[in-house]
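Asker: When you get a sec, could you give me coordinates for this:
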Amino acid sequence: MAALGFVLDGRLAQAQEVAGLQLEPAAAADSADAADTSDSPLRVTLAQEAAYKAEQPDRLIKNRTSVRLEYSQYFLDHFVVQFSGKTTAFLKKDHRHDAERTDTTVSQAYVQTSAGQTSVRAGIQALAWGESLLAPITDVVSPRDNRELFNFNLEELRIGQPMLAVDQYSSFGRWSMFWIPKPAFNKNPKPGTAYSFDPFRYRARIEGDDGGEYGASWKKNSENADVTLMAASLVDNDYGLAMNADGTVTRVKERYALAGLSFTYALKSFVLRGEAALKSSKAFNDAALRIVKKRAFDSYLGLDYRYSATLTVGVELVDQHIAGWTDAIQGYARDNRSLLLNVSKTMMNDDLTVNLLHFQNRPYRASVTVLESTYKWNDHVTLGFNASVPDTNDRRSALWNVRDQKQVGFRIQYQF
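Answerer: Numbering: from 1, shown residues only. Okay, the predicted model is just below:
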């Protein structure tokens, strides 16, 4: 269930040609949104969030204010600068108030240029691979911010890192390459916050592979389908853990190889999506907290059905398999299987959107049911509500420590 990540992602946008530049997909989407709200290259989003833990012991779990700055500007005809950053202040009674007080993240800060059919981006970026909402099958290049339980915005969860990326467009498809000189790692809950259950005492020194990450992909689009092949040499976004004789734990940077593919196929009111990845030399732990290397094969299949212009129903299945698994491997079953059911309804001229999601996980039985709604009050103000209900009676489940985190949340956002 940990692989679920509690994230919800929109589909990857197709690269769009703007002012002679092939924008990176996420940047293209951001630029399009900005164009809808303002002619200014700068977009500012102010938000206030609150969430209440309803099960005993009940408490206010989230009370925070944030400001997000997004900037996109073309210059010298062949260049664009892209920036996206967010600062959050954790107010009194927020579960992160005492441990952190504030947090600042920069997901994008890069310059892009193009010449002919070649596009180059250099700077802080978050690279999106794959199609799955349930688990990071091939979407493993960018690490994730796991400090909150029920954040379903994958664009916010992806952590930006310094990167050089090149796209080459041709009649045979789009070829993409990336190089990350110093990989970043997943951010996990800090001690003193509501979701910190880490029992280990770590040594300050982090060992292992200090090299960079690199990879390539090829994507081919047709009228109603696309397919992507990808390969990469990556450092695991989670540290490997090794127990020392004195009881401390050493964090280890572990490298593995990825070979994967993804596809989408649209037929009338249906969209079929699939994804698969072979991950060689993935690091796991045995009962003595020693690192053992295994091959992992992850696969995913999703189907969306558009019943009408305002109602969509979807189902997703994920299987994460460890080859050569033994019962000595701790925290992972031979096959970890997840199911997602999703119903999305828009109303009131698309100003009101309601999403109902239900996750199931096996063999360590666990589930999460989520109700989300957003209401666009006007061109600047958006209101949000969500309710999340985790459930498990299996101590081996990743949800065991947070099974009482039944929450309701509210958000008001002002954008200009």
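Asker: Packing partners of the helix or strand harbouring G274?
Answerer: In the assignment (DSSP states H and E), G274 maps to strand 270-285. Applying 3 or more C-beta pairs under 8 Å, 6 or more residues apart in numbering; DSSP states H and E, we find strand 270-285 packed against strand 240-243, strand 255-267, strand 291-308. For every residue, glycine as well, the C-beta is placed using N, CA and C.
Asker: Sheet-wise, list the partners of that strand with their directions.
Answerer: Neighbouring strands of strand 270-285 in its sheet, by DSSP bridges, are strand 255-267 (antiparallel), strand 291-308 (antiparallel).
Asker: Can I get the very next helix or strand once past the last one in PDB? Just the C-alpha atoms.
Answerer: Secondary structure here is assigned by DSSP H and E; on that basis, the next helix or strand after strand 291-308 toward the C-terminus is strand 311-323. Below are the C-alpha coordinates for strand 311-323, written out as PDB (Å, rounded to 0.1, in the frame of the first residue of the first chain):
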ATOM      1  CA  LEU A 311     -19.800  11.500 -15.900                       C
ATOM      2  CA  THR A 312     -16.700   9.300 -16.100                       C
ATOM      3  CA  VAL A 313     -16.100   5.900 -14.400                       C
ATOM      4  CA  GLY A 314     -12.600   4.300 -14.100                       C
ATOM      5  CA  VAL A 315     -10.900   1.200 -12.800                       C
ATOM      6  CA  GLU A 316      -7.200   0.500 -12.300                       C
ATOM      7  CA  LEU A 317      -5.300  -2.700 -11.400                       C
ATOM      8  CA  VAL A 318      -1.700  -2.900 -10.300                       C
ATOM      9  CA  ASP A 319       0.500  -5.900  -9.500                       C
ATOM     10  CA  GLN A 320       4.000  -5.500  -8.000                       C
ATOM     11  CA  HIS A 321       5.900  -8.700  -8.100                       C
ATOM     12  CA  ILE A 322       9.300  -9.600  -6.600                       C
ATOM     13  CA  ALA A 323      11.200 -12.400  -8.400                       C
END
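Asker: Next, the buried residues of stretch 330-342.
Answerer: Buried residues in stretch 330-342, counted by 16 or more other C-beta atoms under 10 Å: 332-333, 336, 338, 340, 342.
Asker: now the strand holding G274: how far from the chain's centre is it?
Answerer: In terms of C-alpha atoms, centre = their mean, to the nearest Å, the centre of strand 270-285 is found 15 Å from the chain centre.
Asker: Now the residue nearest the centre of the chain, what are its backbone angles?
Answerer: Geometric centre of the chain, nearest residue: L154, 3.6 Å, by C-alpha atoms, centre = their mean. Reported as degrees, to the nearest 10, the phi and psi values for L154 are phi -60, psi -30.
Asker: One more: E155?
Answerer: phi -60, psi -30.
Asker: how about stretch 179-197: buried residues?
Answerer: 180, 183-189, 193-195.
Asker: Correction: the previous question concerned stretch 39-55.
Answerer: For stretch 39-55, a neighbour-count test (16+ other C-beta under 10 Å) marks 41, 43, 45, 47, 49-51, 53-54 as buried.
Asker: pull the CA atoms of it into PDB?
Answerer: The C-alpha trace of stretch 39-55 is given here as PDB (Å, rounded to 0.1, in the frame of the first residue of the first chain):
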ATOM      1  CA  ASP A  39      -2.100  38.000 -19.700                       C
ATOM      2  CA  SER A  40       0.700  38.400 -17.100                       C
ATOM      3  CA  PRO A  41       3.600  35.900 -17.100                       C
ATOM      4  CA  LEU A  42       3.200  35.700 -13.300                       C
ATOM      5  CA  ARG A  43       0.400  33.700 -11.600                       C
ATOM      6  CA  VAL A  44      -0.100  33.900  -7.800                       C
ATOM      7  CA  THR A  45      -2.200  31.400  -5.800                       C
ATOM      8  CA  LEU A  46      -3.100  32.000  -2.200                       C
ATOM      9  CA  ALA A  47      -4.600  29.200  -0.200                       C
ATOM     10  CA  GLN A  48      -5.900  28.400   3.300                       C
ATOM     11  CA  GLU A  49      -6.300  24.800   4.300                       C
ATOM     12  CA  ALA A  50      -7.800  23.100   7.300                       C
ATOM     13  CA  ALA A  51      -8.400  19.400   8.100                       C
ATOM     14  CA  TYR A  52      -9.900  17.700  11.100                       C
ATOM     15  CA  LYS A  53      -9.200  14.200  12.400                       C
ATOM     16  CA  ALA A  54     -12.700  12.900  13.300                       C
ATOM     17  CA  GLU A  55     -11.800   9.600  15.100                       C
END
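Asker: Just want to check the distance between V111 and N153.
Answerer: For V111, the distance to N153 (C-beta to C-beta, to the nearest Å) stands at 25 Å.
Asker: Export the strands paired with strand 270-285 to CSV and append columns for mean neighbour count.
Answerer: Formatted as CSV, the strands paired with strand 270-285 follow (neighbours: other C-beta atoms under 10 Å):
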stretch, mean neighbour count
strand 255-267, 18
strand 291-308, 17
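Asker: Go through those strands and name the closest to K62.
Answerer: Closest approach to K62 among the strands paired with strand 270-285 (C-beta to C-beta): strand 291-308, 29.8 Å.
Asker: now the closest one: how far from the chain's centre is it?
Answerer: A distance of 14 Å separates the centroid of the chain from that of strand 291-308, by C-alpha atoms, centre = their mean.
Asker: tilt between that strand and strand 311-323?
Answerer: Computed with axes from the mean of the first three to the mean of the last three C-alpha atoms, to 10 degrees, the direction of strand 291-308 lies at 160 degrees from that of strand 311-323.
Asker: what mean pLDDT would you report for strand 291-308?
Answerer: Model confidence over strand 291-308, given as mean pLDDT, is 96.
Asker: same for the helix or strand harbouring V120, what does it pack against?
Answerer: Counting by DSSP H and E, the element that carries V120 is strand 118-125. Here strand 118-125 touches strand 102-115, strand 161-170, going by 3+ C-beta pairs under 8 Å, 6+ apart.
Asker: Now mean neighbour count and mean pLDDT too, for those strands, in TSV please.
Answerer: What follows is those, written out as TSV (neighbours: other C-beta atoms under 10 Å; pLDDT from 0 to 100):
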stretch	mean neighbour count	mean pLDDT
strand 102-115	17	96
strand 161-170	18	97
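Asker: Reformat these into JSON lines and put distance to F297 next to each item.
Answerer: Output for the helices and strands packed on strand 118-125, formatted as JSON lines (distance: least, C-beta to C-beta, whole Å):
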{"stretch": "strand 102-115", "distance to F297": "30"}
{"stretch": "strand 161-170", "distance to F297": "26"}
